[in-house]
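> structure, please.
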Amino acid sequence: MTPHMTTRRAAALAAVAAMVVVGVQSGAATAAPGNAHDGASVTRTPGASGARTAIDPNTASERTAAIKSAQSDASSTADAIGLGSQEKLIVRDVIKDADGTVHTRYERTYAGLPVLGGDLVTHTTGSGKLKSVTKANTARITVPSTTPEVRTAAGARKVIWAGSGKPVLAFETVRTGVQKDGTPSRRHVITDAATGRTLHSYEAIETGVGNSQYSGKVTLSTTASGSGFELTDGDRGGHKTYDLNQGESGTGALVTDDDDTWGDGTGGDRQTAAVDAHYGAAMTWDFYKSALGRSGIAGDGKAAYSRVHYGNAYVNAFWDDSCFCMTYGDGADNKSALTSLDVAGHEMSHGLTAATANLDYAGESGGLNEATSDILGTSVEFFADSTSDAGDYLIGEKIDINGDGTPLRYMDKPSKDGGSADYWSAGVGDLDVHYSSGVANHFFYLLSEGSGPKTINGVDYDSPTADGSTVTGIGRDKAVQIWYKALSAYMTSSTDYAAARTATEKAATDLYGAGSPELAAVDAAWSGVNVK
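Residues are numbered from 1 along each chain as shown. All right, here's what the predicted structure looks like:
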């Protein structure tokens with residue numbers, strides 16, 4: 001590298017390093033409950049024990065300023081890390097660690113075209129010295145021509161496909177419709193612009209399941225409007241909850257009430273589903289802020305919104321990044337809305353994943369995407385500390401979708417659901433993402449609680465390992481910090497299980513040190529699920 005390039009890199013990367021974004025693992029803090037208008041009475045203040053990330057009230061504005069600063073220097077950064085003359089960088093996020101290390105996440109374009117699978121993260125010291133670069137694809141981004149050789153459907157987007165192997169000119173087509181269970185479908189299909197061959201496809205509507213009507217009496221943050229009240233949370237970015245009234249598009253009607261006492265706790269009352277969704281969104285927001293130092297899903301202090309009463313007898317819930325919203329069905333009997341704490345946490349966390357690593361919703365990366373939502377949704381349930389729905393490592397345990405009282409998924413031994421993978425194998429990426437997620441869910445349980453039999457909050461677990469080894473857990477709080485750090489700083493859109501192990505090892509090293517018991521536990525837990 002020439003002295004000129006070195007100077008440009010230092011100037012560009014130091015400008016980002018100067019912006020304070022998020023302090024990590026730097027103190028103890030506990031989220032406070034919302035204080036606006038109380039709907040039902042308070043049961044308890046949410047919060048989990050253990051170390052917490054310090055909260056900076058200006059995190060969102062500082063993050064925005066850091067992103068703007070990084071974007072102004074993106075051209076110099078592209079030169080500094082050796083990108084080609086036709087490549088440009090678009091900043092998606094900037095995070096600063098307590099030790100001054102800055103992680104800047106970028107998307108790429110080539111000759112003005114989006115590069116799918118070209119995302120990367122630079123890791124620099126506080127002085128702007130480049131430590132390393134994490135790339136979704138290490139291949140050089142270049143194609144012989146940007147002129148397609150085949151025609152495609154109207155509305156297709158011309159892109160560079162770099163999701164796997166050698167980058168090629170391609171088309172991205174979005175096909176809309178309805179999935180078998182009634183969930184909306186927005187399938188992205190990538191085709192080779194030279195041959196028309198399908199290269200990749202994934203579903204953009206990300207789904208999950210859970211329970212409702214089990215959080216008991218809760219505190220709601222609402223807003224006075226005229227002579228009544230509305231479900232608008234002014235304490236958490238203006239989150240709103242809407243009633244679709246069995247519709248399947250739009251936002252429906254903002255949920256309102258005359259006396260600020262909402263629902264009756266039964267599925268026969270239309271407000272009850274809205275109460276659970278609104279409360280779940282609030283607890284997820286508070287968990288992100290308290291445990292992760294993050295202000296909202298995208299880290300910008302802005303809220304998503306919730307839609308309840310979707311469709312007729314719709315037994316699911318989903319996140320849609322295009323509307324930045326969560327949507328909940330009412331269950332098979334139209335009286336069991338899927339609006340529990342772990343479901344709300346699961347759906348919102350799909351949005352967090354989209355705003356950070358943006359894990360592709362297919363193959364092993366899709367399993368990691370789903371597992372991230374299970375991991376964070378479960379963490380929200382523990383964080384809320386509800387006597388009506390105690391934290392556990394079960395997914396969808398209240399909905400009884402199997403008709404026999406069993407949960408939808410188990411984190412301690414995922415195969416108990418009849419389809420999920422306990423351990424990594426060469427074919428795990430061929431499974432549905434809700435089943436390939438089992439490997440990461442099992443890893444997280446082992447890292448948190450360890451192997452073997454134990455009872456937690458009245459639930460019995462007995463987690464095995466692939467090699468018969470014994471794993472000692474480090475506690476859920478530390479495990480969450482490691483997973484989030486890996487997601488936000490080291491994972492990319494194409495991360496698979498082997499790369500996830502590397503990402504969590506780097507995260508544990510950053511947070512707890514190269515010779516720490518936490519890092520050793522990460523290695524032991526991954527070996528326990530056969531990711532070596």
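> where in this structure is the helix or strand with the lowest mean pLDDT?
When each helix and strand of the chain is scored by mean pLDDT, DSSP states H and E, helix 3-17 comes last, with a mean of 36.
> next SSE downstream of that helix?
helix 59-72 (DSSP states H and E).
> helices or strands next to the helix or strand that that next one is followed by in the packing?
Next helix or strand after helix 59-72 toward the C-terminus (DSSP H and E): helix 74-80. If contacts are counted by 3 or more C-beta pairs under 8 Å, 6 or more residues apart in numbering; DSSP states H and E, helix 74-80 sits against helix 3-17, strand 87-96, strand 102-110. C-betas here are computed from N, CA, C, even on glycine.
> next SSE downstream of the last one?
Think strand 102-110. Next element after strand 102-110 (DSSP H and E): strand 113-124.
> for the helix or strand that that following strand is followed by, packing partners?
For strand 113-124, the following helix or strand on the C-terminal side (DSSP H and E) is strand 130-135. On a contact count with 3+ C-beta pairs under 8 Å, 6+ apart, strand 130-135 meets strand 113-124.
> for the strand it packs on, packing partners?
helix 3-17, strand 102-110, strand 130-135, strand 157-161, strand 168-178.
> just confirm residue 368 is within a strand.
No - the assignment for residue 368 (DSSP: H, G, I helix; E, B strand; the rest coil) gives helix, which keeps it out of a strand.
> quick check: it vs residue 106, distance?
20 Å (C-beta to C-beta, to the nearest Å).
> those two - which one has more neighbours?
The residue with more neighbours, out of residue 368 and residue 106 and counting by other C-beta atoms under 10 Å, is residue 368; that gives 30 against 25.
> any idea how far that one is from residue 197?
From residue 368 across to residue 197, the span is 26 Å (C-beta to C-beta).
> any stretches of this protein with poor pLDDT?
Along the chain, segments meeting pLDDT under 70 span 1-59, 205-214, 399-401, 403.
> tell me which residue lies nearest the centroid of it.
Closest residue to the average C-alpha location of the chain: residue 353 at 3.0 Å, with C-alpha atoms, centre = their mean.
> OK, contacts around that one?
359, 369, 372, 373, 487 (C-beta atoms under 8 Å, 6 or more residues apart in numbering).
> separation between the fourth one and residue 524?
Between residue 373 and residue 524 the distance is 25 Å, computed by C-beta to C-beta.
> roughly how far does residue 278 sit from residue 66?
Relative to residue 66, and taking C-beta to C-beta, residue 278 is found at 31 Å.
> between these two, which one's more packed in?
residue 278 (31 against 25).
> ok, the closest residue to that one other than its chain neighbours to residue 344 distance?
Spatially, and ignoring its direct neighbours in sequence, residue 278 is nearest to residue 241 (4.5 Å; C-beta to C-beta, 6 or more residues apart in numbering). According to C-beta to C-beta, residue 241 and residue 344 sit 11 Å apart.
> what is in contact with the two at once?
With C-beta under 8 Å, 6+ apart as the test, residue 241 and residue 344 both reach 277, 281, 306.
> which residues touch the closest residue to residue 356 other than its chain neighbours?
Nearest non-adjacent residue to residue 356, counting by C-beta to C-beta, 6+ apart: residue 488, 4.5 Å away. By C-beta under 8 Å, 6+ apart, residue 488 lies in contact with 93, 95, 103, 356, 357.
> quick one: which of these has the most company?
Among the contacts of residue 488, where neighbours are counted by other C-beta under 10 Å, the top count belongs to residue 357, at 30 neighbours.
> which stretches of the stretch 151-300 of the chain form strands?
157-161, 168-178, 184-192, 198-203, 206-208, 223-225, 228-230, 232-233, 239-243, 253-254, 256-257 (DSSP state E, counting those that start in this stretch).
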